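Colleague: show me the folded form of this:
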Amino acid sequence: MPGASLLDCYSPTGQYLDSINDWTRIECTMSEMGVGTLIIDVPPTHDPSLYQRDGRIAYRRDTTPLQFSARMRLVGNTTWLIARRQLIVDRDQSQAVRITCVHPNALLARRVVAYAEASAEAKKTALADNMIKAIVRENFVSATDTDRNWSSAFFTVEADTSASASIDKEMSYRMVLQVCQEIAAAASAGIYTGFEVYSPLETGPYALRTYTGQRGTDRSSTSGQVLTLGIAYGSLGDTELDENWMEMVSFVYASGSGKQNQRIVQPTSDAALIAASPYGRIEWLQNVTQTSDTAVLLSEGARALRERRPRLLFTGAVRETEYATFMDEYDWGDRVVGEFPASFRAHGFTWAAPTESFDCRVDPVKIVVERTEDRETGEIIEAEALDVRLRGEVVLS
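Modeller: Residues are numbered from 1 along each chain as shown. Presented below is the predicted three-dimensional model:
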């Protein structure tokens, strides 16, 4: 569909430079709390110097049917940061300039928690969402070493919301992005917690926000505005129900600081998982060598135990329909209901699924758009392929 995707290029400071109208291919991947990519191929006639390091690309996508006026929406609710440019010649001698951009979550990988062990900045007990924001403030905008601070014209941290669960964490001299991911995972056993860097305005500062429940809109079974996707409605394909014990752990040794018999070790276990099988004690070592605090070791051990519990996992590939369209009825990071057939036939037997529907997250997402020219008419044809996934799970005992 010509004109369904638009690209604009900005300088690192947010100054508009140009619209990219003759791109030939777009590939965009997004994953919650990860660093997605936006890859753009343009003709070799483009001056690569237009695409500056840390320049911004705004990628808009039309979510409106052809019979209505176009409604262009910013994919991922953000602009993307230019991280790489390549000059490409393929085996057919076709040439292109390839621009690779990263999701602004990548900015969190540019800082270390550069504070000593047991300092207030490197050892915290707090609500997880507030803790994530505090760590980012202390390493990006209000660091004790002022050379590390970015101007508020380019990077900000939103106000605390105090909506998550309380956890203990030590993180001296570890990467900020990884620490934030671990904090979110630890809190999500009680209250689902996430974070992202995004640009509320295309030319304004990037901002860190946190969220609980879901990244986007709640259309799950208890929301009051339920959206159900399933094979029976034509909105799901490649659906799988997976009962998985392969990475199960039932006993964790959280190993802290110290050497030999002076090392601090805190065990954490799940008695029910251990008792369920004669081989049920499955051990795991969680290295937390930067701390000797028992509360932190308990928190890290419990997180490792939760992350490796057996799970009943529902996954499905979303198919767009007239009544369920990506970035319209549902978007990246929303919660929806995914439906699995109530029965499944295998080897002549009918297996009743233990659960017919799951509250799922729309994540990850991959968008690929390619342009070709009709040889007879010269018309430019834009073909888009969406790979939108659902993931829902139930923790097994």
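Colleague: might one say that Ile282 is in contact with Met246?
Modeller: No: when contacts are counted by Cβ atoms under 8 Å, Ile282 is not listed as touching Met246 (10.7 Å). Backbone N, C-alpha and C define where each C-beta goes, glycine included.
Colleague: please say which of those two ends up with more neighbours.
Modeller: Comparing Ile282 with Met246 by other Cβ atoms under 10 Å, the one with more neighbours is Ile282, at 17 against 7.
Colleague: and the gap between the more buried one and Arg311?
Modeller: Distance, Ile282 to Arg311, using Cβ to Cβ, to the nearest Å: 15 Å.
Colleague: just give me the neighbour total for the closest residue to Asp242 other than its chain neighbours.
Modeller: Of all residues not flanking Asp242 in the chain, Leu313 sits nearest, at 4.5 Å (Cβ to Cβ, 6 or more residues apart in numbering). Using other Cβ under 10 Å, Leu313 has 16 neighbouring residues.
Colleague: specify the local secondary structure of Leu313.
Modeller: Applying DSSP: H, G, I helix; E, B strand; the rest coil to Leu313 yields a three-state assignment of strand.
Colleague: shaky segments in the stretch 51-200 of the chain?
Modeller: Along the stretch 51-200 of the chain, the parts satisfying pLDDT under 70 run over 64-70.
Colleague: which residues in it form helices?
Modeller: For the stretch 51-200 of the chain, applying DSSP state H, counting those that start in this stretch gives helices covering 128-136, 176-187.
Colleague: so which elements touch the longest helix anywhere in the chain?
Modeller: With secondary structure taken from DSSP state H, the chain has its longest helix at helix 294-307. The elements that helix 294-307 packs onto, with contact taken as 3 or more Cβ pairs under 8 Å, 6 or more residues apart in numbering; DSSP states H and E, are strand 166-170, helix 176-187, strand 251-255, strand 265-269, strand 283-287.
Colleague: how does it look with 6 Å?
Modeller: Applying 3 or more Cβ pairs under 6 Å, 6 or more residues apart in numbering; DSSP states H and E, one finds that helix 294-307 makes contact with strand 166-170, strand 251-255, strand 265-269, strand 283-287.
Colleague: can I get the ones you listed in a markdown table including mean neighbour count?
Modeller: As requested, the helices and strands packed on helix 294-307 are arranged in a markdown table below (neighbours: other Cβ atoms under 10 Å):
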| stretch | mean neighbour count |
| --- | --- |
| strand 166-170 | 22 |
| strand 251-255 | 21 |
| strand 265-269 | 17 |
| strand 283-287 | 14 |
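Colleague: how deep is Pro341 tucked in, by neighbour count?
Modeller: Pro341: 13 neighbours (other Cβ under 10 Å).
Colleague: hang on, it in a helix?
Modeller: No: per three-state DSSP, Pro341 lies outside any helix segment and is coil.
Colleague: ok, it - contacts?
Modeller: Under the criterion of Cβ atoms under 6 Å, 6 or more residues apart in numbering, Pro341 has no neighbours.
Colleague: circling back: now the longest helix of the chain: buried residues?
Modeller: In terms of neighbour count (16 or more other Cβ atoms under 10 Å), helix 294-307 has its buried residues at Val296, Leu297, Leu298, Ser299, Glu300, Gly301, Ala302, Arg303, Ala304, Leu305, Arg306, Glu307.
Colleague: what is the nearest of those to Gly36?
Modeller: Minimum distance to Gly36 across these is 21.9 Å, recorded for Glu307 (Cβ to Cβ).
Colleague: check what pLDDT the closest one gets.
Modeller: Listed pLDDT for Glu307 reads 87.
Colleague: give me the nearest residue to it, chain neighbours excluded.
Modeller: Per Cβ to Cβ, 6+ apart, closest to Glu307 is Ala185, 6.5 Å.
Colleague: pull the number of nearby residues for that neighbour.
Modeller: When neighbours are counted by other Cβ under 10 Å, Ala185 registers 17.
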